[in-house]
Every structure is written in C-alpha cells, then in structure tokens.
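In: next one to model:
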Amino acid sequence: METNYTNLEIRQLNDSIVSTLNQSNLPVEVKRLVVDKILSVLTEAANEMVKREIDETMNISEKKESEHE
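Out: Model prediction:
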C-alpha cells in the first residue's frame, strides 16, 4: 500500500471534492447525506484493510513460531 502522498495531492483531492459539492444544486442536507455515505464506505474499506494487515501479521508470527519449534 502506497502511503507517500504529498500535501499537494491531498489538498487537490479535498479541493476537488469541495468544488464538486459547491457546484451541485442539491440542498446542503442532501450533500451531507452523500458525504456521510462516502465516509461510511471509506471507513469500512479502511477497517477491512486493517483487519487484513493484522491477519497477515498474525499469520507471519505464527509461521515463525512454528519454524522455531
């Protein structure tokens, strides 16, 4: 997983999202619901990624332990 993002890349993504929301004629309440849904999806994806990384770490640890027995 690549984690070396520049401040510029992060700012550009943020500005792009804000600009898209500002250009929309939808009511602010609807925009908030959309953003909340996106946040929910991203949170779930991040949680799954963390779970996979923990599982991989545990599997590596278990494998090393069994090799030393």
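In: next, count neighbours for the closest residue to Ser24 other than its chain neighbours.
Out: Nearest residue to Ser24, sequence neighbours excluded (Cβ to Cβ, 6 or more residues apart in numbering): Lys31, at 6.4 Å. C-beta: built from backbone N, CA, C; applies to glycine. Neighbours of Lys31 under the rule other Cβ atoms under 10 Å: 14.
In: and Lys31, how close does it get to Thr20?
Out: The spacing between Lys31 and Thr20, counted by Cβ to Cβ, to the nearest Å, is 10 Å.
In: one step back: I'd guessed the residue nearest to Ser24 sits against Asn22; true?
Out: No - here Lys31 lies out of contact with Asn22, judged by Cβ atoms under 8 Å, at a distance of 9.0 Å.
In: biggest helix in this structure by residues?
Out: helix 28-67 (DSSP state H).
In: chain center to that one, what's the gap?
Out: Remark: helix 28-67 is offset 8 Å from the chain centroid, using Cα atoms, centre = their mean, to the nearest Å.
In: which positions within it qualify as buried?
Out: By neighbour count with 16 or more other Cβ atoms under 10 Å, helix 28-67 contains no buried residues.
In: what average pLDDT does stretch 21-36 get?
Out: Averaging the model's pLDDT scores along stretch 21-36 yields 98.
In: nope, stretch 61-69 is what I was after
Out: The average pLDDT within stretch 61-69 is 78.
In: who's in contact with the helix or strand containing Ile17?
Out: Mapping Ile17 onto the secondary structure by DSSP states H and E places it in helix 7-23. With contacts defined as Cβ atoms under 8 Å, 6 or more residues apart in numbering, helix 7-23 is touched by Lys31, Val35.
In: any idea of the angle it forms with helix 28-67?
Out: 150 degrees (axes from the mean of the first three to the mean of the last three Cα atoms, to 10 degrees).
In: next up, phi/psi of Tyr5, please.
Out: Main-chain dihedrals, Tyr5, degrees, to the nearest 10: phi -100, psi 140.
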